[in-house]
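Undergrad: model this:
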Amino acid sequence: MASKTAGRWENARSRSRQGILEGAGEVFAKEGFETATMKRIAEVCGITKVTVYAHFRDKARLYHEVMERQLASIPKPTVHTGRDVELGDALVGIWHGIRTLALNPSCQAFCQALTRSELDRGVYMGCWTEMLQPYRKAAVRAFANASPSSSNGDDGEKFLRLILAEQGLPQGTVPVSRSDATIALFARAYGSTFAG
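TA: Sure, this is the predicted structure:
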């Protein structure tokens, strides 16, 4: 009988913890780490602040667990760009992958909390950049396969940045290309002799 009671207690504790993580995820996404309070998280979860503290000693630990949990729930990149894939098809494939990220609730919450919070922003931005790396490599490879040019890296990076911006996702920690690289990309794409 004691083991049944212990099992029920553990299940209840686990459900309570999961509820706190979900509620905290909502609060961090809307308010960011610095503005969020344990009281607000408790209100969203429909529990007392004492219960939140019973599971998580402080807001920073809770934030880290929420961010790690969301990161683990984001779908892994699936990009297929070989030498035989046309540039348009490769870019559409990359767009579909980024769009899948943008529609994923865990990704949305992670990115919103990331952009609204200062706590360990560099660490989580690094994780996000690493997650985007397969798309970045695929974009560079797609442009390189289409035309051997020294600007392929810039073109691939600029394409990815435009897609991320379109989807409202953070662009990562890779240095931002200059606007003339965007103009040159579009000028080449449309066969123009436009010179800024």
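Undergrad: residues near Val50, how many?
TA: 9 (other CB atoms under 10 Å). In short, each C-beta sits where N, CA and C put it, glycine included.
Undergrad: mind listing what it touches?
TA: By CB atoms under 8 Å, 6 or more residues apart in numbering, the contact set of Val50 is empty.
Undergrad: what of Gln70?
TA: Applying CB under 8 Å, 6+ apart, the residues near Gln70 are Gly25, Ser106, Cys107, Ala109, Phe110, Ala113.
Undergrad: and these, which is closest to Trp128?
TA: Of all the contacts of Gln70, Trp128 sits closest to Phe110, with 7.6 Å by CB to CB.
Undergrad: separation between that closest one and Thr173?
TA: 15 Å (CB to CB, to the nearest Å).
Undergrad: settle it for me: which of those two has more neighbours?
TA: Shown here are Phe110 and Thr173; by other CB under 10 Å, Phe110 has more neighbours (30 against 13).
Undergrad: which helix or strand contains that one?
TA: Element membership of Phe110, judged by DSSP states H and E, is helix 105-116.
Undergrad: for that helix, give the mean pLDDT please.
TA: The average pLDDT within helix 105-116 is 97.
Undergrad: tell me what that helix is packed against?
TA: helix 2-35, helix 59-73, helix 121-146 (3 or more CB pairs under 8 Å, 6 or more residues apart in numbering; DSSP states H and E).
Undergrad: and Val44, which of these is closest to it?
TA: Ranking the helices and strands packed on helix 105-116 by proximity to Val44 (CB to CB) places helix 2-35 first, at 4.2 Å.
Undergrad: need the contact list for Lys30.
TA: Lys30 makes contacts with Gln112, Arg116, as judged by CB under 8 Å, 6+ apart.
Undergrad: brain fart, Leu119
TA: Per CB under 8 Å, 6+ apart, neighbours of Leu119: Phe33, Glu34, Ala60, Tyr63.
Undergrad: okay, the angle between the helix holding Phe110 and helix 2-35?
TA: If you take axes from the mean of the first three to the mean of the last three CA atoms, to 10 degrees, helix 105-116 sits at 40 degrees to helix 2-35.
Undergrad: what's helix 105-116 in contact with?
TA: So helix 105-116 is contacted by 25-26, 28-33, 35, 63, 66-67, 69-71, 73-75, 101-102, 121, 124-125, 128, 168-170 (CB under 8 Å, 6+ apart).
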